[in-house]
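return a 3D structure for these sequence lines:
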Amino acid sequence: MISIISPVRNEAENLPLFYTTLVDVTQTLFYQWEFIFVYDESKDNTFEVLLELRANDPRVKIVKLSRGFGKENAMTAGLDFATGHAAILIDADLQDPPGLIIQMLELWEKGNKMVYAVRKKREGESWFKKQTASWFYSLMEKISTVHIPRNTGDFRLIDRLILDDLKSLQETQRFMKGLFMVPGYQNAPLYYQRKPRHLGQSNFGFWKLWSFAIDGITGFSLFPLQIASIFGVFLIFVSLFFGVPFLIFNPLESCDRLLVAIIFFSGVQLATIGILGEYIGRTYFESKKRPRYFVESTIGFE
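Numbering: from 1, shown residues only. So this is what the prediction gives:
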């Protein structure tokens, strides 16, 4: 049994072709299949399209979340409901070609517990988005406590062994690309060229991507805190080395410069407090132990 999991939000235009492509790929393979769609609230008729797919194919299963919980939590829900010996995560916008599922399964059959798709080229995305993504993954390679492959999205195959391990990771602020790599085990990359979205617009705007990056950095590294501490100590020595002699020999001329120095150091303090706040805030939310998602209904799992 192979579980194909797809979180869907505002994907009514893409779902029919996505489903048809999945069927064309999977019908040539000697596995049992379940197609799990996690409905994460939409402004279009995505849910009605899912019901039509379910009416024509009993392998289609639907997890309807009670509201929009975000893609990371929607993926978590799909993984929790998956019953297969392996699960494949794939978006419904057809940027990730379903045809690669065949190669993923071949690598899985060779003993790899995870096969992750690596984007050699990203079509249909702005220069700014591609460049900031490159900077982010370069930074994560240097500071993360686990290895997070560069240019790797959520499109991947995950063995049942890792699926069970992931259930023990209880973070509420979830950066799934990092969590996937926590268990370890043998894994393999699969390189491909990512296509533009088939129809519609991405649900990830600038601020969502920014929040996503902050979750990744704070969830897998203490580097920002260490930098803040080192910078603070450095500024203390700089202020003592230059400031004390200046105030001694130029006491009457130093007011304006002193004001500038005060403003500068106040900014540094506020920035450092902000970094601390990011970590403390996440600790605060984790301590509440709220569920990551609520399910309104499920269809097909009986």
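
surely Ala271 forms part of a helix?
Yes - under DSSP: H, G, I helix; E, B strand; the rest coil, Ala271 falls within a helix.

what's the burial count for it?
Using other CB atoms under 10 Å, Ala271 is surrounded by 12 other residues. To be clear about C-beta, it is placed using only N, CA and C from the backbone, and glycine gets the same treatment.

end to end, how far does stretch 282-296 reach?
Length of stretch 282-296, first residue to last, CA to CA, to the nearest Å: 27 Å.

which parts of it are buried?
Arg282, Arg292, Tyr293 (16 or more other CB atoms under 10 Å).

where do the strands of this structure begin and end?
Taking DSSP state E, the strands of the chain run over residues 2-8, 33-39, 60-65, 86-89, 114-122, 152-159, 187-194, 295-299.

what's the spacing between the nearest residue to Arg67 once chain neighbours are set aside and Glu302?
Using CB to CB, 6 or more residues apart in numbering and skipping the chain neighbours, the partner closest in space to Arg67 is Glu41 (5.5 Å). Distance, Glu41 to Glu302, by CB to CB, to the nearest Å: 23 Å.

which one of those two has more residues nearby?
Glu41 (18 against 5).

was I right about that one contacting Arg9?
Yes - at 6.5 Å, Glu41 and Arg9 qualify as touching, with contact defined as CB atoms under 8 Å.

which residues are common contacts for these two?
With contacts defined as CB atoms under 8 Å, 6 or more residues apart in numbering, the residues adjacent to both Glu41 and Arg9 are Gly68.

my guess is Lys71 contacts Val8, does it?
No - contact criterion CB under 8 Å: Lys71 and Val8 do not qualify, at 9.9 Å.

which of the buried residues of stretch 282-296 lies closest to Ala77?
Nearest to Ala77 among the buried residues of stretch 282-296 is Tyr293, at 5.1 Å by CB to CB.

so where's this structure uncertain?
In the predicted model, the chain carries pLDDT under 70 at residues 121-145, 195-226, 228-233, 235-261, 263-264, 267, 284-286.

same thing but 50
Judged by pLDDT under 50, the chain has its weakly predicted residues at 198.

let me see the ranges of the helices in it.
15-26, 46-56, 71-81, 101-109, 127-143, 160-166, 176-179, 206-220, 223-238, 244-249, 255-288 (DSSP state H).

circling back: among the buried residues of stretch 282-296, which one sits closest to Thr272?
Arg282 (16.6 Å).

I'd assumed Gln173 was in contact with the closest one.
Yes - when contacts are counted by CB under 8 Å, Arg282 is listed as touching Gln173 (5.2 Å).

tell me the contacts of the closest residue in space to Arg292 that isn't next to it in sequence?
Counting by CB to CB, 6+ apart, Asn73 is the residue found nearest to Arg292 once chain neighbours are left out, at 4.8 Å. With contact set as CB under 8 Å, 6+ apart, Asn73 has these partners: Asp40, Leu65, Arg174, Arg292, Tyr293.
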